[in-house]
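S.K.: Okay, here's the prediction I keep looking at, along with the sequence it came from:
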Amino acid sequence: MPNRSIASVGIRCRNNAISYIEFSRNNSLLDFDIIMFRPEIGRHMIARENYNGKPCLDDDSSFALKRYMEHWRREIRDAVDSGKTVIVFMTDLTPVSIATGERTYSGSGRNSRVTRMVMDYDNYQFLPYTIRLTPSVGSSMVLAATKSEPLIDYWKGFEGCSTYKLIFDGAGVSGQILTRNGGKAVGLIVRSRTANGALVLLPDVDVEAGVSGVTAEKDALRSSDESQRFANRLIDAAVSIDKAIKNSVEITPEPPWASALTYRLKAEIDIEGRIATLDAEFSRISTETNGLKINCWIFRL
């Protein structure tokens, strides 16, 4: 087995070489060379009602889910910028409504009413870039003619059990795996601006291959062996992607679409706006302070 430390978040593989991390943990990803990630959040959603056709999480689940997403967004960005390879298997988009923590009040007395404010959310909020994702399911895909070299070995072994669940939309998004018809991006490599790390977004793969279809107890051992072989293949493929990326001499700049306003997180935009406001206020105060000091000095003459 190649000498790489590998972690998986949300993917249980039958291989002791992989360190499994629960989605709800606060583990650092900097201890590993390769990270495999699958954003299934069903078990972390406690929804007792729906809103606009989506599950609406209670306050506790809302704040917990948001905390998990913020943790993994930070960890993935730091890992990629530290030269790690993060591989994400793009499973179904899961839209939900989560509580914002705000409430509105109307009426008084017996007619008083409290309304809990919610916002749209989904299981891809962990991505460092807010890429526009469109649900679409299919299995007919090809590697792009250019810049797909790191995926060649992986694609030879996993094309047959890969299914795209999402299409990456937006101007300037050129994928490394495309739909066979239409050339839509369904697999994408985003490289770090500062290190030879990368975020690799791949069509979903059946990580439980070899387990499904087992109905008899006597088949359990055979199923376990098949699952073990599948996990070994997945590890080898992940290592081949990592090696190919590391062997690339050029560090590809972050694509323009990643820093475009359309694809940036609302929280990021709000924070930068607040920073700009504070900078302007600081400049105004500094200028006024210097003027007062000059006037004070003049009066002393």
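M.R.: Yep, it's here.

S.K.: ok, now how distant is the closest residue to S106 other than its chain neighbours from G101?
M.R.: Closest residue to S106 apart from its sequence neighbours, by Cβ to Cβ, 6 or more residues apart in numbering: R113 at 5.0 Å. In short, each C-beta sits where N, CA and C put it, glycine included. As judged by Cβ to Cβ, to the nearest Å, R113 and G101 stand 18 Å apart.

S.K.: Quick check: buried residues in the helix or strand hosting L202?
M.R.: Under the criterion of DSSP states H and E, L202 resides in strand 198-205. By 16 or more other Cβ atoms under 10 Å, the buried positions in strand 198-205 come out as 198-205.

S.K.: got it, and stretch 181-188?
M.R.: For stretch 181-188, the neighbour count (16+ other Cβ under 10 Å) marks 184-188 as buried.

S.K.: Just checking the distance from it to the centre of its chain.
M.R.: Relative to the chain's own centre, stretch 181-188 is displaced by 19 Å; criterion: Cα atoms, centre = their mean, to the nearest Å.

S.K.: Quick one: mean pLDDT for it?
M.R.: For stretch 181-188, mean pLDDT rounds to 92.

S.K.: Spell out the secondary structure type for the spatially closest residue to S24 that is not a sequence neighbour.
M.R.: Take S24 and drop its neighbours on the chain: the residue closest to it by Cβ to Cβ, 6+ apart is Y68, 5.9 Å away. When classified by DSSP: H, G, I helix; E, B strand; the rest coil, Y68 comes out as helix.

S.K.: close enough to count as contact, Y68 and I21?
M.R.: No: taking contacts as Cβ atoms under 8 Å, Y68 lies outside contact range of I21: 11.4 Å.

S.K.: Can you name every helix or strand that the strand holding L202 contacts?
M.R.: For strand 198-205, the packing partners by 3 or more Cβ pairs under 8 Å, 6 or more residues apart in numbering; DSSP states H and E come out as helix 59-81, strand 85-90, strand 162-169, strand 185-191, helix 220-246.

S.K.: With respect to I245, which of the buried residues of strand 198-205 is nearest?
M.R.: A198 (5.0 Å; Cβ to Cβ).

S.K.: The closest one pairs with what?
M.R.: T85, R191 (DSSP bridges).

S.K.: List the residues that contact it.
M.R.: A198 sits next to 80, 85-86, 150, 189-192, 245 when contact means Cβ atoms under 8 Å, 6 or more residues apart in numbering.

S.K.: what about the longest strand in this protein?
M.R.: strand 95-106 (DSSP state E).

S.K.: For L151, the count of nearby residues, please.
M.R.: 24 (other Cβ atoms under 10 Å).

S.K.: Same check on V88?
M.R.: Using other Cβ under 10 Å, V88 has 22 neighbouring residues.

S.K.: Excluding residues flanking it in the chain, which one is nearest it?
M.R.: Computed as Cβ to Cβ, 6+ apart, the closest residue to V88 that is not its neighbour in sequence is F37, at 4.7 Å.

S.K.: ok, what's across the strand from that neighbour?
M.R.: Assigned bridge partners for F37, using DSSP bridges, are V9, V88.
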